[in-house]
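[1] here is my input, please return the structure:
(one chain, ligands or ions: 1)
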Amino acid sequence: MLATCDIDGQSANLLDIKCLLIGNGMRYPQRVYEAVSAWAQLEPPSNPYSCSCIILPGEIAVHLTINDTSAFALDLDDNGQVCLLHNGMRLTEVSFPLATTYYDQLTSQGRPFGSIAVLEGKSLMAFFYMWPCEYIRTKETCEFCFQVRADMAGFNLPSPSDEEVAEIIGWGIEHAGVKQVQLTAGTKFIGRDECQRYARLLGAIDRIVGLDKIPAEIYCYVTAPKEPALVDQILDAGANRVAHDLHVWDRKLHARISPGHARHVGRDGQLRALEHIADKYGPNRAFSSFVAGIEPLDSMLQGAEYLASRGIVPAFSVWMPPAGSTHAEHRPPSLDYYSQALREFACLYRRHGLNPPGIAAGSHVSICHDVYRHADDVLGESQAEKGWEYVNA
Ligand code: SF4
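    Predicted coordinates:
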């Protein structure tokens with residue numbers, strides 16, 4: 001049963017709290033780090049760009065975004081346990097993934113594992129930028145893309161070889177409890193090249209590690225190719241799922257925040273490829289993420305319903321306003337926005353028999369698998385009825 005808390009007079013469950021924490025960040029004093037650093041996978045507050053998380057009861061991982069002005073704060077209770085506070089009121093206890101030596105490791109080519117993939121939660125390994133995004137050349141990069149910003153700022157993110165990717169996955173399964181692998185890279189203008197690159201990479205992982213050694217699943221975020229059938233080679237090479245992200249449903253907003261995607265692929269191109277996968281491979285093999293908080297809720301839910309009714313999983317990440325973005329003044333949405341979004345997604349998963357990607361205590365910013373695991377609590381009896389009304393509308 002998901003615990004509920006009082007937030008400014010409103011009842012909020014721990015998935016609502018996850019959304020609020022990602023959108024608003026939390027205070028993170030040094031004393032919290034010192035209390036748990038001997039055993040927890042956690043970076044100190046002096047490293048605000050780290051990929052650290054907290055784990056809320058119910059195996060809910062939440063990205064630790066540091067914000068010294070947030071109403072939320074981590075602190076120690078009278079027993080020395082870490083807890084989460086809101087305006088000084090204790091909400092719940094908090095835990096962390098166990099420390100590993102993952103971030104001390106180098107690939108055989110001498111590159112730090114952490115510059116190529118991060119560990120999220122207790123068992124997700126996320127590769128974040130395996131090759132550069134070609135939209136940089138035409139200045140059409142997405143507004144929210146951290147990797148491209150780091151690349152353009154001269155951080156010189158490495159492009160690992162297939163063998164290095166396999167090496168990192170193999171180490172992670174054996175020594176860090178990795179159960180699920182997420183592959184992400186920059187967009188290539190020629191969709192055929194991107195699909196071939198992924199298929200070749202999956203072949204190398206299978207040869208060196210064995211795809212069947214990944215306990216949960218491996219999935220790839222791919223730019224939809226103009227000929228949808230090109231993506232077959234990725235699924236045929238062993239990917240459990242493929243994502244073509246829409247980010248938002250509103251076409252004008254899409255063109256503003258993802259100009260490259262909007263011009264070269266477009267929403268129709270993404271949908272064509274998603275529908276091709278669902279038609280050929282069946283439900284639950286294609287998914288597409290929305291970023292909750294960027295567009296009005298009705299618009300996002302319209303898109304989610306369109307996908308779900310076709311066997312494509314609408315996934316749901318929470319928008320994290322990045323410092324320096326042109327959206328920095330944009331306030332994160334309200335508790336009501338998140339609560340309704342969570343209920344409507346839970347209802348869509350139930351109604352259409354969908355099983356979103358993810359794992360317990362996994363992704364820091366995606367919440368779709370948390371919703372799926374806690375659907376009974378999110379829906380409740382009367383809310384389930386409300387959800388059915390929405391879907392039937
Ligand atoms: S296409 Fe992908 S890699 Fe390129 S800017 Fe957009 S999100 Fe980043």
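[2] pull out the buried residues from stretch 237-255.
    The neighbour-count check on stretch 237-255 (16 or more other CB atoms under 10 Å) flags 237-250, 253-254 as buried. Using the backbone N, CA and C atoms, a C-beta is placed for each residue, glycine as well.
[3] same check on stretch 192-201?
    Here stretch 192-201 shows 194-199, 201 as buried, counting by 16+ other CB under 10 Å.
[4] and of those residues, the nearest to the ligand?
    Comparing those against the ligand with CB to the nearest ligand atom picks out E194 as the nearest, at 10.5 Å.
[5] in three-state terms, label that closest one for me.
    Classification of E194 by DSSP: H, G, I helix; E, B strand; the rest coil places it in helix.
[6] for it, which non-adjacent residue is spatially closest?
    Spatial nearest neighbour of E194, excluding adjacent residues (CB to CB, 6 or more residues apart in numbering): K188 at 4.2 Å.
[7] pretty sure H247 is touching G293, no?
    No: the pair H247 / G293 is not scored as a contact, 11.3 Å apart, by CB atoms under 8 Å.
[8] for N47, give me the pLDDT.
    With respect to pLDDT, N47 scores 83.
[9] show me what contacts it?
    The contact partners of N47, by CB atoms under 8 Å, 6 or more residues apart in numbering, come to none.
[10] quick check: which element contains it?
    In this assignment (DSSP states H and E), N47 forms part of neither any helix nor any strand.
[11] okay, buried residues for stretch 38-55 please.
    Buried-residue list, stretch 38-55, by 16+ other CB under 10 Å: 40-43, 45, 48, 50-55.
[12] just those residues: which are in strands?
    Mapping those onto strands (DSSP state E) picks out 53-55.
[13] can you map out the strands along the protein?
    All strands of the chain, identified by DSSP E, fall at 4-7, 10-13, 53-56, 60-63, 72-76, 82-86, 89-93, 117-120, 124-127, 180-183, 218-221, 241-243, 286-292, 313-318.
[14] for the ones you listed, give me a markdown table that also has mean pLDDT.
    Shown next, in a markdown table, are the strands of the chain (pLDDT from 0 to 100):
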| stretch | mean pLDDT |
| --- | --- |
| strand 4-7 | 93 |
| strand 10-13 | 95 |
| strand 53-56 | 98 |
| strand 60-63 | 97 |
| strand 72-76 | 98 |
| strand 82-86 | 98 |
| strand 89-93 | 96 |
| strand 117-120 | 96 |
| strand 124-127 | 98 |
| strand 180-183 | 98 |
| strand 218-221 | 98 |
| strand 241-243 | 98 |
| strand 286-292 | 94 |
| strand 313-318 | 93 |
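[15] quick one: closest of the ones you listed to I168.
    I168 lies closest to strand 117-120 among these, at 5.5 Å (CB to CB).
[16] who does the closest one touch, helix- and strand-wise?
    Judged by 3 or more CB pairs under 8 Å, 6 or more residues apart in numbering; DSSP states H and E, strand 117-120 is in contact with strand 124-127, helix 162-175.
[17] this protein against the ligand: which residues are in contact?
    133, 135, 141-142, 145, 147-148, 186-187, 258, 260-261 (CB under 6 Å from any ligand atom).
[18] could you flag which of the residues you listed are buried?
    Listed as buried from the residues of the chain next to the ligand are 133, 135, 141-142, 145, 147-148, 186-187, 258, 260-261; burial here means 16+ other CB under 10 Å.
[19] tell me which two of those sit farthest apart.
    Every pair of those checked by CB to CB; the farthest is Q147 and H261, at 14.7 Å.
[20] OK, contacts around G58?
    Contacts of G58 (CB under 8 Å, 6+ apart): 2-3, 14, 370, 373-374.
[21] now these as JSON lines including neighbour count, distance to R285 and pLDDT?
    Formatted as JSON lines, those follow (neighbours: other CB atoms under 10 Å; distance: CB to CB, whole Å; pLDDT from 0 to 100):
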{"residue": "L2", "neighbour count": "18", "distance to R285": "29", "pLDDT": "89"}
{"residue": "A3", "neighbour count": "15", "distance to R285": "34", "pLDDT": "90"}
{"residue": "L14", "neighbour count": "22", "distance to R285": "30", "pLDDT": "97"}
{"residue": "D370", "neighbour count": "30", "distance to R285": "21", "pLDDT": "97"}
{"residue": "R373", "neighbour count": "19", "distance to R285": "20", "pLDDT": "96"}
{"residue": "H374", "neighbour count": "21", "distance to R285": "24", "pLDDT": "96"}
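[22] check those residues against the ligand and report the nearest one.
    D370 (22.8 Å).
[23] show the contacting residues for that closest one.
    By CB under 8 Å, 6+ apart, the residues touching D370 are 15, 18, 58, 60, 358.
[24] now distance to I205 too, for those residues, in JSON lines please.
    As requested, these are arranged in JSON lines below (distance: CB to CB, whole Å):
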{"residue": "L15", "distance to I205": "32"}
{"residue": "K18", "distance to I205": "30"}
{"residue": "G58", "distance to I205": "31"}
{"residue": "I60", "distance to I205": "29"}
{"residue": "G358", "distance to I205": "20"}
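[25] can you tell me which of the residues you listed are in helices?
    Among the contacts of D370, DSSP state H puts 15, 18 in helices.
[26] would you point out the most distant pair within the contacts of D370?
    Across these (CB to CB), the longest gap, 13.5 Å, separates G58 and G358.
[27] is it true that V165 touches I205?
    Yes: counting by CB under 8 Å, I205 is a contact partner of V165 at 6.6 Å.
[28] low-confidence stretches in the stretch 151-300 of the chain?
    Counting by pLDDT under 70, the stretch 151-300 of the chain shows no low-confidence range.
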